[in-house]
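In: sequence? don't have it. structure:
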Ligand SMILES: Nc1ncnc2c1ncn2[C@@H]1O[C@H](COP(=O)(O)OP(=O)(O)O)[C@@H](O)[C@H]1O
Ligand SMILES: [Mg+2]
């Protein structure tokens, strides 16, 4: 890494920090309580050592029982105050951190889910999840563990150091001379731990992926009797994991031993120079000061051991904040909306010279033209990759077209609000996505306007009611993650129902009948007929059997509509459709 990069990484970004800080605004009260308690903790913390000094010199040495009792009561009160403010401080600092990340996370999530599709094409889901979950946690730690704790520690150390200097400056300087050694030991410890933790993380990742993969492939593993070998391999990985952790334990043991040693040396020095050499002139009547000094020096050293850790937490939080803000600032990724909202749509659709590419180098649609009259059913066929699904992506405005226009009822879709546009279109995608929720929720998607009765009625209409009723719990059947408890035909039927209850003016089926069995296909065939009845529909299909009834069939090839007409017209043309038909027919008759 170049010097420039290192320094850029190390320097503290004030602008970024004040932006993170601006999120504390709604929590001013908590913020103030937190800062005040930090100040009070440091004030209280120096009281106990001074009281101990007085206790020895004035109460014990002078045999003053009354004063002894008074001092003990005072010390108990001070202790109580310190504990109270410590508790208040820890709680408010964490409350502040958690409140801020709650706000920031909600903000981030609602921004993310409005991004255009091309954003998701180029971003990994894993990274986005990290931003929303663990980066957020790190931002919260700026407040709960980083910034405030540093302020509190520095404040405490300043107060302690001042008190020590005022009491006996020579002895104070002697104690301060040990500080560089502690700082040096801390630096060494941190560097070693950083290296050790890289190894630990690598070993954890190795363990995770090993276990995850073996469990995912458990059937193969058991079918081929791999249990013993896999267990052996696991033991080896586990051993490495143990070694990595033990290394951190080793560094910890050394460091804390050294820290204790240095603390004891300090105590020795205080006793020797203060008590025996009389540095700074501690007279025998004030030997209590020596105890005060010993206690103060431990108050000075303890935060030193952890302050570098806290700076790390702060730095990591700032890096995370930078990443999160980069997503929030990415307004170029938001959908641009028109402002027209159509209450009712007849269902006329027109593509006019539509040109589009996902990637500017690779044209996908090269001037597509077609019209669909209200209530008409058109079918789109063509080879994989011809651009059929892209038509749907554009009709929904998942992507913006480069040239031309797409119109619904003669209105350019760019002039409509996205919500208004999508409310009139339902799409059954080839890959059905089901949420880990009940069947009912998967169908209504939480829309309160759709009642269970409406769902049942729709299910009866397209002939899927029996299948859903047969599941345990019927419409309340819990679909597990990725819907793997249902067959692909069943999932497809659920997505049909989802499209149907939305009662759209325009319906799109994208390869909805591929990869399912004959029985499900019959159901879906029936469902398709019902669901397309009386509304504009676009059916994309490979199986030509499903498209023969369409009013118009469009044949797409390499981003263009190359043929159009009814099934009979296209067959008699003996062009591309005819070839596709022949090819499928040949496969069918061979089978
Ligand atoms: N999100 C995407 N990003 C980049 N290229 C894509 C994306 N989706 C599809 N493509 C490309 O666009 C072309 C047309 O794809 P698509 O419309 O899905 O074809 P079809 O549905 O006809 O099989 C293909 O070459 C495909 O690789
Ligand atoms: Mg497709």
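Out: Done, it's in. These numbers come from a predicted model, not from an experiment. Ligands and ions are numbered 1, 2, ... in the order given.
In: going forward, measure contacts and count neighbours with C-alpha atoms only.
Out: Fine.
In: Residue 172 touches residue 160, doesn't it?
Out: No - with contact defined as CA atoms under 8 Å, residue 172 does not count as touching residue 160 (10.2 Å).
In: In terms of neighbours, single out the busier of these two.
Out: Comparing residue 172 with residue 160 by other CA atoms under 10 Å, the one with more neighbours is residue 160, at 24 against 21.
In: which residues sit in contact with the more buried one?
Out: 46, 296, 299, 300 (CA atoms under 8 Å, 6 or more residues apart in numbering).
In: so the second one is in which element?
Out: It stands for residue 296. Element membership for residue 296, per DSSP states H and E: helix 288-328.
In: Report all helices and strands that that helix contacts.
Out: helix 14-22, helix 28-54, helix 65-112, helix 125-132, helix 134-141, helix 147-167, helix 179-216, helix 227-269 (3 or more CA pairs under 8 Å, 6 or more residues apart in numbering; DSSP states H and E).
In: Highest mean neighbour count across the ones you listed, which stretch is it?
Out: helix 134-141 (a mean of 23; mean count of other CA atoms under 10 Å).
In: I'd like the average pLDDT over it.
Out: Per-residue pLDDT values over helix 134-141 give a mean of 89.
In: Adjacent strands (with direction) for the helix or strand just after the helix holding residue 296?
Out: Per DSSP H and E, helix 288-328 leads on to strand 349-356 as the next helix or strand towards the C-terminus. If you go by DSSP bridges, strand 349-356 pairs up with strand 365-372 (antiparallel), strand 403-408 (antiparallel).
In: Of those, which is nearest residue 77?
Out: If you check each of these against residue 77 by CA to CA, strand 403-408 wins as the nearest, at 76.9 Å.
In: contacts for the closest one?
Out: Counting by CA under 8 Å, 6+ apart, 345, 347-356, 367, 395, 412-413 sit against strand 403-408.
In: one more time with 6 Å, if that's ok
Out: Residues from elsewhere that reach strand 403-408 (CA atoms under 6 Å, 6 or more residues apart in numbering): 348, 349, 350, 351, 352, 353, 354, 355, 412, 413.
In: Out of these, which end up buried?
Out: When the contacts of strand 403-408 are checked for burial by 16 or more other CA atoms under 10 Å, the buried set is 348, 349, 350, 351, 352, 353, 354, 355, 413.
In: Tell me the residues on the stretch 51-200 of the chain that lie near ligand 1, please.
Out: Selection of the stretch 51-200 of the chain residues close to ligand 1 by CA under 6 Å from any ligand atom yields residue 121.
In: out of the contacts of residue 160, who's nearest ligand 1?
Out: residue 300 (58.9 Å; CA to the nearest ligand atom).
In: So for the closest one, what's the nearest residue that isn't a sequence neighbour?
Out: What sits nearest to residue 300 in space, not counting adjacent residues and going by CA to CA, 6 or more residues apart in numbering, is residue 157, at 5.4 Å.
In: In the stretch 201-350 of the chain, what residue comes closest to ligand 1?
Out: Residue nearest to ligand 1 within the stretch 201-350 of the chain (CA to the nearest ligand atom): residue 333, separated by 14.8 Å.
In: mind giving me the domain ranges of this protein?
Out: 15-168+307-333, 169-281, 349-590 (automatic domain parsing).
In: looking at those domains, which is closest to residue 291?
Out: Among those, domain 15-168+307-333 sits nearest to residue 291 (CA to CA), with 6.0 Å.
In: Surely residue 417 and residue 338 touch.
Out: Yes - counting by CA atoms under 6 Å, residue 417 touches residue 338, with 4.8 Å between them.
In: any idea how far residue 318 is from residue 579?
Out: As judged by CA to CA, to the nearest Å, residue 318 and residue 579 stand 61 Å apart.
In: neighbour-wise, which of those two wins?
Out: residue 318 (22 against 12).
In: on that earlier part again, switch the helices and strands packed on helix 288-328 over to CSV; also include distance to residue 322.
Out: Listed next are the helices and strands packed on helix 288-328 as CSV, based on distance: least, CA to CA, whole Å:
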stretch, distance to residue 322
helix 14-22, 7
helix 28-54, 22
helix 65-112, 13
helix 125-132, 10
helix 134-141, 10
helix 147-167, 16
helix 179-216, 22
helix 227-269, 30
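In: Lowest mean pLDDT across those, which one is that?
Out: Looking at the helices and strands packed on helix 288-328, the lowest mean pLDDT belongs to helix 125-132 (a mean of 81).
In: counting contacts, what elements does that helix pack onto?
Out: Helix 125-132 sits against no helix or strand, with contacts defined as 3 or more CA pairs under 6 Å, 6 or more residues apart in numbering; DSSP states H and E.
In: ok and it relative to helix 288-328, angle-wise?
Out: 130 degrees (axes from the mean of the first three to the mean of the last three CA atoms, to 10 degrees).
In: now helix 125-132, how far from the chain's geometric center?
Out: In terms of CA atoms, centre = their mean, to the nearest Å, the centre of helix 125-132 is found 4 Å from the chain centre.
In: Kindly report the same for stretch 556-568.
Out: 44 Å.
In: Other residues contacting it?
Out: 364, 365, 366, 368, 382, 386, 387, 548, 552, 553, 554, 555.
In: So for the second one, what's the nearest residue that isn't a sequence neighbour?
Out: Ranked by CA to CA, 6+ apart and with sequence neighbours excluded, the top spatial neighbour of residue 365 is residue 559, at 4.0 Å.
In: what's the answer for residue 389, then?
Out: For residue 389, the spatially nearest residue (CA to CA, 6+ apart) is residue 510, at 6.8 Å.
In: what does residue 460 give?
Out: Per CA to CA, 6+ apart, closest to residue 460 is residue 466, 7.9 Å.
In: Dihedrals phi and psi, the one you found?
Out: phi -60, psi -40 (degrees, to the nearest 10).
In: Just give the number of residues close to it.
Out: Residues near residue 466, counting by other CA under 10 Å, number 11.
In: separation between it and residue 459?
Out: Residue 466 is 9 Å from residue 459, by CA to CA.
In: Check residue 268 too.
Out: 85 Å.
In: same thing with residue 299?
Out: According to CA to CA, residue 299 stands 72 Å off from residue 459.
In: Can you pick out the residue with more neighbours from the two?
Out: For residue 299 and residue 459, the more surrounded residue by other CA under 10 Å is residue 459, and the numbers stand at 23 against 20.
In: Let me know the pLDDT of whatever residue of the stretch 101-250 of the chain ends up closest to ligand 1.
Out: Minimum separation of the stretch 101-250 of the chain from ligand 1 (CA to the nearest ligand atom) falls at residue 121, amounting to 5.5 Å. Residue 121 carries a pLDDT score of 87 in this model.
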